[in-house]
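After the sequence you'll find the predicted model.
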Amino acid sequence: MAAASTISAGTAIRGRLKLDGDLEVHGQVEGGIEAGGDVTLGSGALLKGDVAGQHLTVAGAVNGNLQGSAQVVLEAGARVQGDVAAPSIGIRPGALIRGRVETSGAGGGAAPKPRAAAEKPAAPEAAKPKPAKKSAERAAPAPVIPKASGRGKKTAPKKRKAAPAPKVPALKKRSKKAAKRRAH
């Protein structure tokens, strides 16, 4: 492995980073990071993009997915908006995350699927409704009969009227003399 690289505070990088060694970020990165070693995001770090590496330690802000092939640790003060996947995940008190957290089968190296494309997990066995023992106990649901108002006439639901537009007083036009006096 190569030596650790550092992106210091006050440095902003736009683009995808791919490296074989370790990386320490204290500045801003707009783009993904793919590291063969450990990735550490300091408390002042701001990252917009996906991060993949062996061990990820996050104390700053990330807007993207985190994929650790060994471990992901979110330190106090970390703010993550995206999915987190690794065989071992640690979330310290004070860390904020908005996204999915997945620990099983995360060692494959692929980034987690976006939330819209992810399948819904199957409901646990305890949450599934149990069938009734006797078919006689199952009753057909009662038909829904709409309430009639008046003399048996079916009426459509009343539409709400839009709120009236606020009245604005008209502005008076000034005469040329009044405008001249005002200007002086």
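Nice, thanks for sending it over.

how long is stretch 62-76 from one end to the other?
End-to-end span of stretch 62-76 (Cα to Cα, to the nearest Å): 14 Å.

do stretch 30-49 as well
One end of stretch 30-49 to the other measures 6 Å (Cα to Cα).

now stretch 54-70
5 Å.

Buried residues, that stretch. List them.
Buried positions in stretch 54-70, judged by neighbour count with 16 or more other Cβ atoms under 10 Å: 54-62, 64-69. All C-beta atoms are positioned from the backbone trio N, CA, C, and that covers glycine.

Low-confidence ranges, the protein, go.
1-3, 105-174, 182, 184 (pLDDT under 70).

switch to 80 and redo it
Residue ranges of the chain with pLDDT under 80: 1-3, 104-184.

all helices of it, in order?
Listed from the start of the chain, the chain has helices (DSSP state H) covering 176-183.

Filter the buried residues of stretch 54-70 down to just the ones in strands.
The strands, defined by DSSP state E, take in Gln54, His55, Leu56, Thr57, Val58, Ala61, Val62, Leu66, Gln67, Gly68, Ser69 from the buried residues of stretch 54-70.

Out of these, which two sit at the greatest distance?
Based on Cβ to Cβ, the longest span within those runs between Ala61 and Ser69 and measures 22.6 Å.

Save the ones in strands among the buried residues of stretch 54-70 as JSON lines, and put in distance to Glu24 too.
Shown next, in JSON lines, are those (distance: Cβ to Cβ, whole Å):
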{"residue": "Gln54", "distance to Glu24": "14"}
{"residue": "His55", "distance to Glu24": "12"}
{"residue": "Leu56", "distance to Glu24": "12"}
{"residue": "Thr57", "distance to Glu24": "9"}
{"residue": "Val58", "distance to Glu24": "12"}
{"residue": "Ala61", "distance to Glu24": "16"}
{"residue": "Val62", "distance to Glu24": "15"}
{"residue": "Leu66", "distance to Glu24": "16"}
{"residue": "Gln67", "distance to Glu24": "18"}
{"residue": "Gly68", "distance to Glu24": "16"}
{"residue": "Ser69", "distance to Glu24": "18"}
